[in-house]
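I need the structure of the sequence given here:
(chains A and B)
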Amino acid sequence: MYLLTIDLWMLLGKAILIVAIIGLSFFIAMYTTYAERKVAAFMQDRLGPNRAGPFGILQPLADGGKLFFKEEIIPLTSNKFLFLLGPALAMITALVTSSVIPWAAPFQMGNGTVIPMQVADVDMGILIVFAIVSIGVYGIMIGGWASNNKFSLLAAIRGASQMISYELPMGLALIAVLLMTGSLKMSAIVGYQMEHGWNIIYQPLGFIIFFVCALAECNRTPFDLAEAENELNFGYHQEYSSMKLGFYLFAEYINMFISSAVMATIYLGGYDIPFVNEASWGLSPFWMSFISFGVLMAKISFFLFVFLWIRWTIPRFRYDQLMNLGWKKLVPLALVNMLITAAVILYLNK
Amino acid sequence: MSVTQILFWFLSVIALFGALMVVTAKNPVYSVLWLIATFFAISGHYILLNAQFLAVVNIIVYAGAIMVLFLFVIMLMNLSKESEPQKNRWLKIAGAVAGGCLLLVLIAALKDADLKQSEAMVNVGNIGLIKNLGKELFTTYVIPFEISSVLFLSAMVGAIVIGKKD
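Predicted coordinates for the structure are as follows:
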């Protein structure tokens, strides 16, 4: 079945995969909000949400319902179109990044067709993630500016300069990984780690830099200066209400989920099962993809827990401390890490 | 029409319309946003030519970093259409004439060039993939590449010197 030389079955498969991944992102983000409140409660010796459903398990639905039914207020002096565009951009950029992540081992159907569990296995792979992350700045900036509020604008500019600053060490830390794997393809990075062991073993410093930058990119504590409530009221989304506010808050959790997935893929071997050679089990590829997907999810859940753990343990940085850490500590560290990696690879390959 | 052709015309219309909106939009923030849309359309063209690296870097560098700085400046200076100075009418006419002359020169220069003979290679060739591009840059074009990196370094040093002056 061909129309305009596009294979429609491939298109259909990709469409199903995209819908599944977006649904999964929403589901995980929903329950990360629940987990956040439960973890916070545990660390502060409270009970946390426990009214809606058993153990409060329906709490995210109640929160969503509340946001939907709240009155929607668009400030009179705001720029209407850009005011709407801001949260939409934040949400879109949060969701699009998932397209290059390999979610599981290739899925094999009964008739032998192999379906890769990745929307786009392009040559640029990880660079696409960086491109979309750099576009993600606009969601914050446009929303903050269109609100026509000084606090929002200040917060937006803070948030954007923070994201731009931390993209640099993130990229430099990544270059060290790319030097080792020799490819930008996400599937190739996972394949390399399956053969040679996880990247975190060879790149512990790079991993720490990448993780700190991921915290900053997601605007999470200790780097949540864009929403520092004691200085900026509520940050860039101060004028937002109802589901538009919900989009901003939700995009943050989706960003956390996706950046956990990216970190798990780059440094923790993606869907690779640790310590075993799964090929020798003789399992059918059908079950292999399910198990590998579960393994990736376990790694992502671990990262998400660390995100929450850090939020309720470490206080917020000051703005000058944030910039000092980014430019004067992380960038030189990442550069040194990159040079050492390059030198070692050169020495080993000689 | 093949898919490539449809995409080509679609992207071209977006790129041209976006570029027109950049110069005609009254609000400078809209101008910047249209320019970003134009960059995306041009990146789409790069992908049609299978220059994937160029496409992604165009988005990272231009749409993602340089345009953010533009937005910073415009938002902080709070430029709006009310405060924009009205230009003299003669200045506008002079601008149109100068722009038209440039267009004429470009058309005259390109008319006789070999360009119209050779067609763009669509969907083929993998020189735009990162491995081939990197090899070319570090073998054939290594001297211009390194010289341009020195240029960037000097620009950075210059920015720091200006920024430090109190």
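
where does chain B come near chain A, residue by residue?
Residues of chain B lying close to chain A (CB under 8 Å from any CB of the partner chain) are B:2-3, B:6, B:29, B:33, B:36, B:52-53, B:55-57, B:59-60, B:63-65, B:68, B:71-72, B:75-76, B:129-130. Backbone N, C-alpha and C define where each C-beta goes, glycine included.

For chain A, which residues are neighbours of chain B?
For chain A, the residues in contact with chain B (CB under 8 Å from any CB) are A:4-6, A:79, A:82, A:122-124, A:127-128, A:130-131, A:134-135, A:137-138, A:141-142, A:145, A:153, A:156-157, A:160-161, A:164, A:184.

For chain A, which segments count as strands?
Counting by DSSP state E, one finds strands in chain A at the ranges A:2-3, A:6-7, A:107-108, A:114-115.

Pull up the distance across stretch A:101-117, start to finish.
9 Å (CA to CA, to the nearest Å).

Please apply the same query to stretch A:141-152.
Stretch A:141-152 has an end-to-end distance of 9 Å (CA to CA).

what's near enough to touch the residue of chain B found nearest chain A?
Taking CB to the nearest CB, chain A has its nearest neighbour within chain B at B:G64, 2.8 Å off. Counting by CB atoms under 8 Å, 6 or more residues apart in numbering or on different chains, B:G64 touches A:A131, A:S134, A:I135, A:V137.

Which secondary structure elements does the biggest helix by length in chain A sit against?
Ranked by residue count, the top helix of chain A under DSSP state H comes out as helix A:8-43. In this structure, helix A:8-43 packs against helix A:59-69, helix A:80-96, helix A:242-267, helix A:285-311, with contacts taken as 3 or more CB pairs under 8 Å, 6 or more residues apart in numbering or on different chains; DSSP states H and E.

Report how many residues lie close to the nearest residue to A:S241 once chain neighbours are set aside.
Leaving aside its sequence neighbours, A:S241 sits nearest to A:I73 (CB to CB, 6 or more residues apart in numbering or on different chains; 4.7 Å). Neighbour count of A:I73, defined by other CB atoms under 10 Å in any protein chain shown: 13.

mind checking which helix or strand the spatially most central residue of chain B is in?
For chain B, B:F39 is the residue whose C-alpha lies nearest the centre (CA atoms, centre = their mean; 6.2 Å). Assigned by DSSP states H and E, B:F39 belongs to helix B:28-48.

pLDDT on the helix or strand just after that helix, on average?
Following helix B:28-48 in sequence order, the next helix or strand is helix B:52-57 (DSSP H and E). Mean pLDDT, helix B:52-57: 87.

what's the answer for stretch A:107-123, then?
On average, stretch A:107-123 scores 74.

That one: end-to-end distance?
One end of stretch A:107-123 to the other measures 21 Å (CA to CA).

Stretch A:132-143 now?
End to end - CA to CA - stretch A:132-143 spans 17 Å.

average pLDDT across that stretch?
On average, the pLDDT along stretch A:132-143 is 87.

Quick check: A:W145 vs B:M77, distance?
A:W145 is 12 Å from B:M77, where distance means CB to CB, to the nearest Å.

Same check on B:A94?
B:A94 sits 26 Å away from B:M77, taking CB to CB as the criterion.

cool, B:L71 as well?
B:L71 is 11 Å from B:M77, by CB to CB.

more crowded one of these two?
The neighbour count for B:L71 versus B:M77, taken as other CB under 10 Å, is higher for B:L71 (23 against 10).

Next up, the contacts around that one.
B:L71 sits next to A:Y138, A:M141, A:W145, A:A160, B:V29, B:V32 when contact means CB under 8 Å, 6+ apart.

By neighbours, which of these wins?
Ranking the contacts of B:L71 using other CB under 10 Å puts A:M141 first, with 27 neighbours.

My guess is that one contacts A:Q162. True?
No - the pair A:M141 / A:Q162 is not scored as a contact, 11.7 Å apart, by CB atoms under 8 Å.

anything in contact with each of those two?
Shared contacts of A:M141 and A:Q162 (CB under 8 Å, 6+ apart): none.

where do the helices sit along chain B?
Under DSSP H, chain B gives helices at B:3-24, B:28-48, B:52-57, B:67-77, B:89-111, B:130-139, B:142-164.

how close does A:M186 sit to A:Y267?
13 Å.

Repeat that for A:V19.
Taken as CB to CB, the span from A:V19 to A:Y267 is 28 Å.

And the residue of chain A that's closest to chain B?
A:S134 (2.8 Å).

How many neighbouring residues does that residue have?
Using other CB under 10 Å, the number of residues around A:S134 comes to 23.

so what's it closest to, chain neighbours aside?
B:G64 (2.8 Å).

And the one you found, what's its pLDDT?
pLDDT at B:G64 comes out at 84.

likewise A:I201?
The model's pLDDT for A:I201 equals 86.

separation between it and A:Q193?
9 Å.

what about those two, which has more around it?
Higher neighbour count among A:I201 and A:Q193: A:Q193, with 24 against 12, using other CB under 10 Å.

Fine, thanks again, bye for now.
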